[in-house]
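Colleague: this is the structure alone, sequence omitted:
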Ligand code: ARG
């Protein structure tokens with residue numbers, strides 16, 4: 001047991017208590033950020049005259065050597081230390097002696113851990129944003145190649161009106177684009193440094209919090225030292241945004257699973273992204289999509305967990321807050337893995353265009369357009385709706401589609417029908433005449449693909 005706080009105690013910590021309390025098994029994840037934060041702290045202390053230049057140099061050198069040795073495997077982070085902060089400080093003292101004991105001047109583990117977590121999460125937000133961008137690039141490529149790939153659009157999972165694959169992918173493009181903007185918002189809102197807030201009430205040392213914030217790439221220091229050490233809002237926001245990403249991925253996964261089913265056969269998932277069955281030789285299963293759908297629950301769980309942890313905590317720091325880490329780390333790894341794998345699956349997936357198109361031809365996806373045809377010929381919409389309804393019933397009995405009926409059959413139901421009806425309710429017309437902004441026609445979608453490309457070419461926000 002290597003602890004930072006033995007002085008006031010007359011007994012050793014019970015081993016079970018020690019284990020229960022320790023966080024090294026998971027907070028070692030941000031050893032680099034802990035060292036980065038400590039370096040900024042001592043550089044600031046020296047500038048403020050709290051440390052000498054020689055002390056600062058020794059500490060920075062010692063910290064750098066610890067980071068290198070952890071990276072190259074010479075120094076192992078073990079459970080002998082309570083947390084990553086104790087590990088770094090104890091090793092520093094081992095390496096440079098008394099100067100190392102000055103590292104913690106004007107600092108508490110409360111502002112230290114708040115800083116480390118922010119530094120870690122901040123980098124991860126940028127990584128997630130980058131992965132989302134990759135996925136958007138894939139989606140826009142599929143869109144560009146499928147402006148004329150007709151398929152049924154559904155409501156209630158019943159065929160509704162024809163759309164294109166580009167249009168369907170475009171819907172997800174918008175969702176993931178919003179997810180990216182959420183990453184940016186969260187980053188900008190959380191990018192203030194808690195360093196120098198001490199345990200809760202600042203310190204009497206003449207710290208320059210603005211300076212250390214700048215050294216660490218923050219917008220500035222946080223404003224209230226009690227809030228600084230006990231704010232975990234940004235983690236809640238992040239897990240909420242992650243939950244939304246997973247919800248989007250899960251909906252998309254569900255569609256891929258349906259499209260990949262024998263009954264639909266709209267897509268074929270690449271061999272590299274599917275798995276077989278141990279018993280049924282014919283099987284090729286959409287496991288990646290199923291796992292992404294399944295892992296959504298873990299991320300929702302992390303959000304509910306931190307919300308619940310935080311709801312009863314009086315100001316300022318309480319140990320409950322140590323619970324902000326494990327599930328957040330798990331959620332970060334889960335979200336990153338899911339976006340990357342989903343992207344790989346989408347970019348290698350084959351779309352069976354004929355199957356999609358023939359499915360769009362069936363199921364009366366042109367019924368609305370047939371009613372609109374009658375309206376254009378002067379029939380009030382409600383009457384037109386009734387006429388086409390009867391027509392659909394007739395087709396169902398005869399197992400055929402509206403456009404396959406002869407003009408004589410059509411006229412029997414309404415004398416308003418004329419030869420031009422076939423052109424007016426063709427699959428192509430149904431899609432290409434939908435010219436409102438956001439509609440599926442190739443004319444509109446081509447513009448959208450160009451807009452998307454422009455957005456993706458703009459410099460990244462980070
Ligand atoms: N491991 C602790 C955490 O993650 C570090 C802060 C400890 N502070 C304290 N007052 N015990 O929250």
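Modeller: Looks like it came in fine. In this text, all values refer to a predicted model and were calculated from it rather than measured experimentally.
Colleague: if you skip the residues just before and after it, what's nearest to residue 422?
Modeller: Nearest residue to residue 422, sequence neighbours excluded (CB to CB, 6 or more residues apart in numbering): residue 403, at 6.0 Å. Where you see a C-beta, it was placed from the backbone N, CA and C, and this is true even at glycine.
Colleague: I'd like to know how far that neighbour sits from residue 426.
Modeller: 7 Å (CB to CB, to the nearest Å).
Colleague: one more: residue 139?
Modeller: Counting by CB to CB, the gap from residue 139 to residue 426 is 28 Å.
Colleague: more crowded one of the two?
Modeller: Neighbours were counted for residue 139 and for residue 426 using other CB atoms under 10 Å; residue 139 has more, 27 against 16.
Colleague: so that one touches residue 174, yeah?
Modeller: No: at 9.8 Å, residue 139 does not count as touching residue 174 under the criterion of CB atoms under 8 Å.
Colleague: show me where the stretch 251-400 of the chain has helices.
Modeller: With helices called from DSSP state H, counting those that start in this stretch, the stretch 251-400 of the chain shows them at 287-310, 326-348, 353-361, 367-376, 381-398.
Colleague: got a list of contacts for stretch 142-153?
Modeller: Applying CB atoms under 8 Å, 6 or more residues apart in numbering, the external contacts of stretch 142-153 come out as 159-170, 173, 266, 346, 351, 353, 356-357, 359-360, 363, 365, 427-428, 431, 440, 442, 445-446, 448-449, 452.
Colleague: how about the residues of the stretch 251-400 of the chain by the ligand?
Modeller: Along the stretch 251-400 of the chain, the residues adjacent to the ligand under the rule CB under 6 Å from any ligand atom are 317, 319, 321, 322.
Colleague: for the ligand, state which of these is nearest.
Modeller: Among these, residue 322 lies closest to the ligand (CB to the nearest ligand atom), at 3.7 Å.
Colleague: how many residues are close by the closest one?
Modeller: So residue 322, with other CB under 10 Å, has 17 neighbours.
Colleague: who's in contact with the closest residue to it other than its chain neighbours?
Modeller: In space, and not counting its chain neighbours, residue 322 is closest to residue 23: 5.4 Å by CB to CB, 6+ apart. Neighbouring residues of residue 23 by CB under 8 Å, 6+ apart: 82, 83, 84, 322, 325.
Colleague: how near is the last one to residue 306?
Modeller: Meaning residue 325. 10 Å.
Colleague: so the two - more neighbours on which side?
Modeller: residue 306 (23 against 20).
Colleague: looking at it, that one is touching residue 237, isn't it?
Modeller: No: with contact defined as CB under 8 Å, residue 306 does not count as touching residue 237 (10.4 Å).
Colleague: what touches both of these two?
Modeller: By CB under 8 Å, 6+ apart, no residue touches both residue 306 and residue 237.
Colleague: can you get me a residue count around residue 187?
Modeller: Neighbour count of residue 187, defined by other CB under 10 Å: 18.
Colleague: could you say which helix or strand contains it?
Modeller: Following DSSP states H and E, one finds residue 187 within helix 165-190.
Colleague: just checking, what packs against that helix?
Modeller: helix 109-145, strand 150-155, helix 233-259, helix 442-457 (3 or more CB pairs under 8 Å, 6 or more residues apart in numbering; DSSP states H and E).
Colleague: quick one: buried residues of that helix?
Modeller: Judged by neighbour count (16 or more other CB atoms under 10 Å), helix 165-190 contains these buried residues: 165-170, 172-173, 175-177, 179-180, 182-183, 186-187, 190.
Colleague: now do stretch 256-275
Modeller: Buried residues in stretch 256-275, counted by 16+ other CB under 10 Å: 256, 257, 258, 259, 260, 266, 267, 268, 269, 273, 274.
Colleague: which residues sit against that stretch?
Modeller: With contact meaning CB under 8 Å, 6+ apart, stretch 256-275 is reached by 151, 284-290, 293, 341, 344-345, 348-352, 355-356, 359.
Colleague: what's the mean pLDDT across that stretch?
Modeller: Stretch 256-275 carries an average pLDDT of 95.
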